[in-house]
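# just a sequence and a predicted model for now, questions to come.
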Amino acid sequence: MKPHRKVVAVVAMALLVAACGGRSGPGTEETSSPATASTAFGDLSAVCGPGTPSSAPTQGVTAKEVKVGVFTDVGFTKKPELVDAANVFTTWCNAAGGINGRRVVAETRDTKMMEVRQRMLDACREDFALVGGSASLDGLGVKDRLSCLLPEFSAQVSQPENIESDLQVNASPSTYARYEPYSGLRQWLLKQAYPQSAGAVGIINGDSPVTKVLGAKAVESITAAGGTVTYNELYPAAGVSDWTPYAQSIKSKGVRGLFFLGSYAQLAKLEDVLTGMDYKLDWIDANNNAYNGSFVELLGRSADYQNNIVDLGGVVPFENESVAAMRQLRELYKTHAPDAEITMPALRAFSSWLLFAKAASSCGDELTRKCVVDAAKKETAWTGGGLHTANDLSSEDAAPRCFSVLRATSQGWKPADFAPNQDGFRCGGEPYRYTGNYPAPMTLADVGKSMSDLK
């Protein structure tokens, strides 16, 4: 496979998203004074607020501002979710007074897909921390990040070398190095909802070194959940002009349940062929990056003919108006980014911003990297103010606890009948821990450092 196709493969997977390039300077337009702006979000009080800081204790922190980096692949993907989240959060936070009076300045670090190391070196020279960002090839920068002792409050993490690496705090319950994040969904699909599909499961995966690891993990966890993979195919992740051969193979092998790891736009094309052949699967796991209105529109006639489902994990659906935090998030977007769409990556980023701000605010005037990391990792039930289920950030080996399933229809996304037992989620199942040999997350010891070096 040619090198440029490997890059496109990562994008086609749509596992990670990014924000716009250049210095964004979010938060420059304050809509109210610190005396009147709200400092609370959901069930969190005083996330941001005024103060009278006087010191400049470390890189990226002065008496007036806190400078953080936001990683993005936007120069390649053209997707603005994370810069939108940064703009919305910092505008709101700075209007409330910032971090104890320090204005939060977000510096967009646009990797343009392949420039991860270059942008990481820039961040190492200038930023206090990385917040609310992601890069599809993030494994290329983790060694440099750990070498310069740069904390990361990630929105999403992609490569195994970086998933749960040291000095990384993942606010939302979505990233696990040792556990299958979708084990609850897979057990429900194969043992309860559609047991007839267990003996005929298919996987289609974008062809790249990055996504092949995900495919191997999927096969392992499907098998552990009682499924038999009878069809396992790679596709050129740059895209397929004619999905007919794939659809014919799926039909000839009698596939009844399909896991799709790739671009939801490509999945919609495959489904159009399957629907045209009058071949209906019991279910199609579209992966939760397909959770948006664009995918439903692309599905067309397949929206109601095929059974597309996604697992949001412990994240509150965007349509849920009964959750105060989700209502507030929608209002903040309406006020500060009316043309932006709230997406799964954006929601995860917002939880990371909230966590960073709360932890940093607890440090007072002496805002240091050690203080902010230690404070964040004291959170044993972090929910982002109510945006998702509780996440224990103090544990180095936390496992997924809950899942929720939505189904695509021509009328939009609707809850599936997955028997929720806790506030709209299904919680308490047995998590699946990987047994295969996969790349390990990088540690400080790998670069000759330890936590005692963090200041």
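Okay, I see it.

# just give me the neighbour total for the spatially closest residue to residue 175 that is not a sequence neighbour.
For residue 175, the nearest residue in space outside its immediate sequence neighbours is residue 157; the separation is 4.9 Å by Cβ to Cβ, 6 or more residues apart in numbering. (Glycine included, C-beta is placed from N, CA and C.) The burial count assigned to residue 157 is 26, neighbours taken as other Cβ atoms under 10 Å.

# going forward, begin numbering at 543 instead of 1
Okay, residue one is now 543; in that scheme the one you just asked about reads as residue 699.

# contact partners for residue 699?
By Cβ atoms under 8 Å, 6 or more residues apart in numbering, the residues touching residue 699 are 558, 676, 680, 705, 706, 710, 712, 717.

# including pLDDT and distance to residue 880, could those residues go into CSV?
Shown next, in CSV, are those (pLDDT from 0 to 100; distance: Cβ to Cβ, whole Å):
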residue, pLDDT, distance to residue 880
558, 32, 25
676, 95, 24
680, 95, 30
705, 94, 34
706, 95, 36
710, 97, 32
712, 96, 29
717, 84, 30
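
# now the two most distant members of those.
Set against one another by Cβ to Cβ, the contacts of residue 699 have their most distant pair in 558 and 706, with a gap of 15.3 Å.

# ok, residue 747 to residue 836 distance?
From residue 747 over to residue 836 the distance is 21 Å, taken as Cβ to Cβ, to the nearest Å.

# between those two, which one's more packed in?
Between residue 747 and residue 836, counted using other Cβ under 10 Å, residue 747 has the larger neighbour count: 23 against 13.

# does the more buried one sit in a helix, a strand or a coil?
Using DSSP: H, G, I helix; E, B strand; the rest coil, the three-state assignment for residue 747 comes out as strand.

# surely it and residue 755 touch.
No. The pair residue 747 and residue 755 fails to qualify as a contact (Cβ atoms under 8 Å) at a distance of 10.1 Å.

# show me what counts as buried in stretch 728-741.
By neighbour count on 16 or more other Cβ atoms under 10 Å, the buried set for stretch 728-741 is 728, 729, 730, 731, 732, 735, 736, 739, 740.

# in strands, which of those residues appear?
Secondary structure defined by DSSP state E assigns none of the buried residues of stretch 728-741 to strands.

# quick one: the strands in the stretch 843-992 of the chain, in order.
Read by DSSP state E, counting those that start in this stretch, the stretch 843-992 of the chain holds these strands, from start to end of the chain: 850-853, 944-945, 947-951, 954-957, 968-969.

# higher neighbour count, residue 558 and residue 706?
When neighbours are counted by other Cβ under 10 Å, residue 558 and residue 706 differ, and residue 558 comes out ahead with 28 against 21.

# hmm, back to that, can you list the strands of the stretch 843-992 of the chain in JSON lines and add mean pLDDT?
Listed next are the strands of the stretch 843-992 of the chain as JSON lines, based on pLDDT from 0 to 100:
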{"stretch": "strand 850-853", "mean pLDDT": "98"}
{"stretch": "strand 944-945", "mean pLDDT": "96"}
{"stretch": "strand 947-951", "mean pLDDT": "97"}
{"stretch": "strand 954-957", "mean pLDDT": "96"}
{"stretch": "strand 968-969", "mean pLDDT": "96"}
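
# residue 655: what secondary structure?
Under the three-state scheme (three-state DSSP), residue 655 adopts coil.

# residue 646 too?
When the rule is three-state DSSP, residue 646 gets the label strand.

# how about it, what does it touch?
Contacts of residue 646 (Cβ under 8 Å, 6+ apart): 569, 590, 607, 608, 610, 632, 635, 636, 640, 899.

# residue 605 now?
595, 596, 597, 598, 644.

# that one: what secondary structure?
The three-state label for residue 605, taken from three-state DSSP, comes out as coil.

# for residue 617, which non-adjacent residue is spatially closest?
With Cβ to Cβ, 6+ apart as the criterion, residue 617 has its nearest non-adjacent residue at 3.4 Å, and that residue is residue 654.

# ok, back up a step: filter the contacts of residue 699 down to the buried ones, PyMOL style.
Selection command for PyMOL covering only the buried members of the contacts of residue 699, criterion 16+ other Cβ under 10 Å:
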select buried, resi 558+676+680+705+706+710+712+717
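
# what about this structure, any weak spots by pLDDT?
Screening the chain residue by residue with the criterion pLDDT under 70, one finds the ranges 543-579, 751-752.

# quick one, domains of it?
Each domain of the chain is listed here as a residue range: 545-719+863-939, 725-854+943-969, per automatic domain parsing.
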